[in-house]
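# Below are the sequence and a predicted model; questions follow.
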Amino acid sequence: MGVSEKTRQIIIAGVSHTGGGWGAKMTEDGVSATIAMNDGDTHNSPVELMETKYPLVVERYGLVPDSGGAGRWRGGLGCERVVRPLCELRLTSHIDRSQYAPWGLFGGGDALPNRLAVRRGGVVKDDFANAKVFTMPVRQGDAVLLRGGGGGGFGDPLDRPAEMVCEDVYQGYVSLEAARALYGVVIEPEDCTIDRTATEALRARLRRQAEAGSAA
């Protein structure tokens, strides 16, 4: 059965409302995978429904690790969809904040920005000059990657309790590498336990480096 021209134009629009992360607060982490209240008429449609309604295969739909800004309170995570069309379509994008990341406050880290990418022939291209006003044909076999940005962190990441960082790693919100580099927490990958001695030494060194940098 053929696909109408109208359907070809709206297919990607039907999956483009991808939740982003909310910024951290003064007393708690930011919420993950949110859609602004002024988009209340949009829906978080199940993957199975989208694949039944449109000629699409959703290869991935989930949270993006390390997309929230590091901080005493961590920013919320954004969602990512990887969608592969089963026929030729036209992708039209209206995405803000793909170049400038949401910023952190009071020592909190920046989050990852929104992202639009196209995978063609196994090569991922995302160096588009302007994702807000963008259109291109998408062929069968290509894939479109849509990522909602995360939220900025609040406060110094080195002040986040090591147990909370360990739980973030266990849940898949923060990678082992980010736990060490941004939070100064050394976690054993085999059993996801904290190396207390190594963590204390690393955090002390990172604090000295930060003090030296601010003094300079």
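Everything's here; your move.
# so L146, which of the three states?
Taken by DSSP: H, G, I helix; E, B strand; the rest coil, the conformation at L146 corresponds to strand.
# Now do it, the pLDDT please.
pLDDT recorded at L146 is 88.
# all numbers from here: first residue = 14
From this message on, residue numbering opens at 14, which makes the last subject L159.
# wait, isn't it in contact with L104?
No - between L159 and L104 there is no contact under CB atoms under 8 Å: 9.7 Å. In this view, the C-beta of every residue, glycine as well, is placed from N, C-alpha and C.
# shouldn't G81 be in contact with S188?
No - between G81 and S188 there is no contact, the gap being 11.8 Å when judged by CB under 8 Å.
# hey, C-alpha coordinates of the lengthiest helix in the chain in CSV?
For the chain, the helix that runs over the most residues, judged by DSSP state H, is helix 209-228. This file holds the C-alpha atoms of helix 209-228, laid out as CSV (Å, rounded to 0.1, in the frame of the first residue of the first chain):
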residue,chain,number,x,y,z
ARG,A,209,36.1,5.5,49.5
THR,A,210,39.8,6.1,49.8
ALA,A,211,40.3,6.8,46.1
THR,A,212,37.2,9.1,46.1
GLU,A,213,38.4,11.2,49.0
ALA,A,214,41.8,11.6,47.4
LEU,A,215,40.4,12.5,44.0
ARG,A,216,37.9,15.0,45.4
ALA,A,217,40.6,16.7,47.4
ARG,A,218,42.8,17.0,44.3
LEU,A,219,39.9,18.3,42.1
ARG,A,220,39.1,20.9,44.8
ARG,A,221,42.7,22.1,44.9
GLN,A,222,42.8,22.3,41.1
ALA,A,223,39.6,24.4,41.1
GLU,A,224,40.9,26.7,43.8
ALA,A,225,44.2,27.2,41.9
GLY,A,226,42.2,27.9,38.7
SER,A,227,40.0,30.5,40.4
ALA,A,228,43.0,32.2,42.1
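# Having no further points to raise, I will conclude here.
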